[in-house]
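Visitor: Pasting the sequence and the predicted coordinates here, then a few questions.
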Amino acid sequence: MTESTKEWTALGIFAGIFLLLTVGEVIWLGRRAWATYGKAVVFSLGTNIISFFFGSIISFVIMGVILAVSWEGSINQMRAGEFTLWVLLAAAILITPVLLLLTKRIFLWLLRMASGSTAWAFSFWASFSLFLFTIGPPIAFLYFV
C-alpha cells in the first residue's frame, strides 16, 4: 500500500466513524425526546463540525509554535524548557475535546434541549467518545499498516 493510499484510507476511516457517531448521536437525542430529529441533526452536525474545525486549527498553530521553537533552538533558553513543550503538547491534544465539550454544552443550552447535570454528563461522554473513536482508529491504522 502506498503512502498516499494509506493516508486517504485513514481519512476515510476518520470520516466514516465521524459520520456514524454523528448519526448515532442524532438517533440517541431523538429517542430520548431531548429534541426533534431536525433539531438533533443541527445540534450534532453543528457542534461536531465547528469544534473539530476550530480545534484542529488551534492544534495546528500550537504544533507550529512547538516546531518553530525547536528548530530555532531557543527552546534551550526557555526557563521551563521541556516542561513548556509538554504543556503545549497537552494543550494541542486536549483543545479539540474540551472545545467539543463546551460547544455541546452551550448548544444544549441555546437550543433549550437539556440543562443541569444530565446536560453536562451528555456533553462529556459525547465529546470524549467522539474524539477518541474518530482519532484513535485512523492513528492505529497508520501505525500498524
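Guide: That came through fine. Bear in mind the structure is a predicted one, so any value in this text is a computation, not a measurement.
Visitor: make it CA atoms for all contacts and neighbour counts henceforth
Guide: Fine.
Visitor: which SS state does the residue most central in space within the chain fall under?
Guide: Central residue of the chain (Cα atoms, centre = their mean): residue 96, 4.0 Å from the mean position. Per DSSP: H, G, I helix; E, B strand; the rest coil, the local secondary structure of residue 96 is helix.
Visitor: what's it in contact with, if anything?
Guide: Neighbour list for residue 96: 51-52, 54-56, 59, 131 [criterion: Cα atoms under 8 Å, 6 or more residues apart in numbering].
Visitor: Check what pLDDT it gets.
Guide: In this model, residue 96 is scored at 93, pLDDT.
Visitor: roughly how far apart are it and residue 23?
Guide: Using Cα to Cα, to the nearest Å, we find residue 96 at a distance of 20 Å from residue 23.
Visitor: same thing with residue 64?
Guide: Counting by Cα to Cα, the separation of residue 64 from residue 23 is 33 Å.
Visitor: before we move on, what about residue 108?
Guide: 17 Å.
Visitor: By neighbour count, which of the contacts of residue 96 wins?
Guide: Within the contacts of residue 96, most neighbours by other Cα atoms under 10 Å means residue 51, with 23 neighbours.
Visitor: give me the element that residue is part of.
Guide: Here residue 51 sits within helix 37-72, counting by DSSP states H and E.
Visitor: That helix - what's its average pLDDT?
Guide: The pLDDT scores in helix 37-72 average 92.
Visitor: what packs against that helix?
Guide: Packed against helix 37-72 by the contact rule (3 or more Cα pairs under 8 Å, 6 or more residues apart in numbering; DSSP states H and E) you find helix 3-31, helix 82-110.
Visitor: Let me know which of those is tucked in deepest.
Guide: Burial of the helices and strands packed on helix 37-72 is given as mean neighbour count (mean count of other Cα atoms under 10 Å); helix 82-110 ranks first at a mean of 18.
Visitor: Good, we can wrap up now.
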